[in-house]
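> got a sequence here, can you build the structure:
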Amino acid sequence: MSTVTWPQAEAGANMAALLNRVSCVDCLELCHRVVDGLCGREPPSRGNYGTTWSLQEWLQLLDRLAELFRLAVGSDSSDEEVLAMLSDVSGSHADAVLRVLRGRWEEIQRALLDRTSAISTATLQDFDWQLKLALSSDKISSLHTPLLSLSLDVRENGVLRPVTMELNREELGTLISSLEAANKVVLQLK
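Sure thing, here's the model as predicted:
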């Protein structure tokens, strides 16, 4: 398990100050509603809490709670790690957040997986590669350029589609960089 920290240093403290303004029972209800919103159901309504927070504070609190649930589930955080992220929140409020997180862990995880899967309907089924050395071409008599022949079998909407490409060293570097960047984005969505 990796240690999870807030992306911004003051994010946890800001959420603590905002969350401590409501009772523990209201905190529990709010957390359940935030998880509902993460899972595609109706999110919490500001009308129920209009006098507690300004609009900006309300939006910030919702963002922080949703971020906490996504980070905790996406990185498979332990209870201790979650409580460390909630260190500025009062004990009863932190317990309420942790109770909602543990009680609805699988729902949140399923929602995160669905969100990640919805990025594209295309999935890689199989691949094959060959390394070739081009010794010459019709324009240059001495080329000696390595080429990678990459064959991908991609399934999209139930149909298997072959994709073949031939890449030189620079193009392969660009492809690898693009795939690494895409992987980073997918990991951030978890």
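> is the closest residue in space to residue 15 that isn't next to it in sequence in a helix, a strand, or coil?
Leaving aside its chain neighbours, residue 15 sits nearest to residue 64 (3.9 Å; criterion: C-beta to C-beta, 6 or more residues apart in numbering). The C-beta positions use only the backbone N, C-alpha and C, and glycine is treated the same way. Here residue 64 is recorded as helix under DSSP: H, G, I helix; E, B strand; the rest coil.
> please tell me how far residue 64 sits from residue 118.
To residue 118, residue 64 is 24 Å away according to C-beta to C-beta, to the nearest Å.
> quick one: which of the two has more around it?
Using other C-beta atoms under 10 Å, the more surrounded residue of residue 64 and residue 118 is residue 64, with 20 against 9.
> the more buried one contacts residue 17, correct?
No. Using C-beta atoms under 8 Å, residue 64 is not in contact with residue 17; the gap is 10.6 Å.
> intersection of neighbour lists for the two?
Residues touching both residue 64 and residue 17 by C-beta atoms under 8 Å, 6 or more residues apart in numbering: none at all.
> strands along the chain, start to end?
With DSSP state E, the ranges of strands along the chain come out as 123-134, 145-156, 159-167.
> output the first one as PDB, nothing but the C-alphas.
Extracted as PDB, the C-alpha positions of strand 123-134 are listed here (Å, rounded to 0.1, in the frame of the first residue of the first chain):
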ATOM      1  CA  THR A 123      -9.800  -2.700 -26.300                       C
ATOM      2  CA  LEU A 124      -6.600  -4.300 -27.300                       C
ATOM      3  CA  GLN A 125      -7.100  -8.100 -27.800                       C
ATOM      4  CA  ASP A 126      -3.600  -9.100 -29.000                       C
ATOM      5  CA  PHE A 127      -0.500  -7.700 -30.500                       C
ATOM      6  CA  ASP A 128       2.600  -8.900 -32.400                       C
ATOM      7  CA  TRP A 129       5.800  -7.200 -33.300                       C
ATOM      8  CA  GLN A 130       8.800  -7.800 -35.600                       C
ATOM      9  CA  LEU A 131      12.000  -5.900 -35.800                       C
ATOM     10  CA  LYS A 132      13.300  -5.400 -39.300                       C
ATOM     11  CA  LEU A 133      16.500  -3.800 -40.700                       C
ATOM     12  CA  ALA A 134      16.000  -1.800 -43.900                       C
END
